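>>> Quick one: sequence and predicted model below, then my questions.
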Amino acid sequence: MYCQIFAPGRAGRRDRYPLYSSSAVPMSDGGSDTVPQEMTESEIWDCISDFKLAAQNAIKAGFDGVELHGANGYLIDQFSQNTCNTRTDYWGGSIENRSRFILEVTKAVVEAIGPDRVAVRLSPWSTFQSMKMDVGVATQQFSHIIQGLKDLRLSYLHLIESRVVNNIDCDKKEGLEFAFDI
């Protein structure tokens with residue numbers, strides 16, 4: 001049994017805690033209109049350490065592994081997609097830089113508990129929580145991420161099809177075929 005680990009980022013409950021994200025970009029689709037604080041370099045590295053600790057705690061609690069939730073507009077996805085990540089530093093701008101957060105989180109967790117106990121969930125086509133890049137950019141972005149994850153030899157990769165929006169089935173618009181050859 002795997003424990004899913006995620007951080008909500010700008011999708012969190014603003015009435016409880018300050019919201020942090022890759023950039024100071026609020027959700028535009030009816031979610032929180034609160035402008036999140038852009039994470040500093042030290043906050044980013046602290047967050048990566050928190051993911052590592054959460055994975056270690058999950059294993060200590062008896063889980064077989066962890067699935068890092070890098071989908072559906074939560075924090076990892078907020079760093080990966082240019083719909084939210086408007087940074088121009090080490091953590092944003094280029095495809096490689098936008099990929100850095102998910103790859104650093106995953107490397108830290110793999111280092112802590114081993115690759116055979118780590119999985120990742122991605123949603124290249126999800127519009128949930130104000131996400132979804134243009135098709136061409138998304139294909140390049142997620143191809144780069146998937147290749148980096150493949151190199152880590154994870155337990156599995158969980159990809160979400162475009163035929164599901166929130167909890168509603170709909171016609172498939174984009175596919176995951178680009179990922180099958182990686």
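That came through fine.
>>> Which helix or strand in this protein has the lowest average pLDDT?
Comparing every helix and strand of the chain by mean pLDDT, DSSP states H and E singles out strand 164-165 as the least confident one, with a mean of 58.
>>> Kindly state the distance between the middle of stretch 42-56 and the middle of its chain.
The gap between where stretch 42-56 is centred and where its chain is centred comes out at 14 Å by C-alpha atoms, centre = their mean, to the nearest Å.
>>> same question for it, mean pLDDT?
Summarised as a single mean, pLDDT over stretch 42-56 is 99.
>>> same question, stretch 118-135
pLDDT averaged over stretch 118-135 gives 80.
>>> can you check stretch 74-83 too?
When pLDDT is averaged over stretch 74-83, the result is 94.
>>> contacts for it?
Judged by C-beta atoms under 8 Å, 6 or more residues apart in numbering, the contacts made with stretch 74-83 from elsewhere in the structure are 6-11, 20-23, 25, 47, 68-71, 84-85, 91-92, 98-102, 105, 122-123, 126, 129-133, 137-138, 141-142, 145. C-betas here are computed from N, CA, C, even on glycine.
>>> now do 7 Å
Residues lying outside stretch 74-83 but in contact with it, judged by C-beta atoms under 7 Å, 6 or more residues apart in numbering, are 6-11, 21-22, 68-71, 84-85, 91, 98-99, 101-102, 105, 123, 130-133, 137, 141, 145.
>>> And for stretch 15-24?
9-10, 12, 32, 34-39, 43, 75, 78-79, 84-87, 91-92.
>>> which among these end up buried?
Using 16 or more other C-beta atoms under 10 Å as the burial test, the contacts of stretch 15-24 include 9-10, 12, 32, 36, 38-39, 75, 78-79, 84-85, 87, 91-92 as buried.
>>> Which ones among these map onto strands?
Glu38 (DSSP state E).
>>> OK, contacts around the closest residue in space to Ile182 that isn't next to it in sequence?
Setting aside the residues directly before and after it, Ile182 is nearest to Ile146 in space (C-beta to C-beta, 6 or more residues apart in numbering), at 4.9 Å. For Ile146, the residues meeting the contact criterion (C-beta under 7 Å, 6+ apart) are Leu157, Ala179, Ile182.
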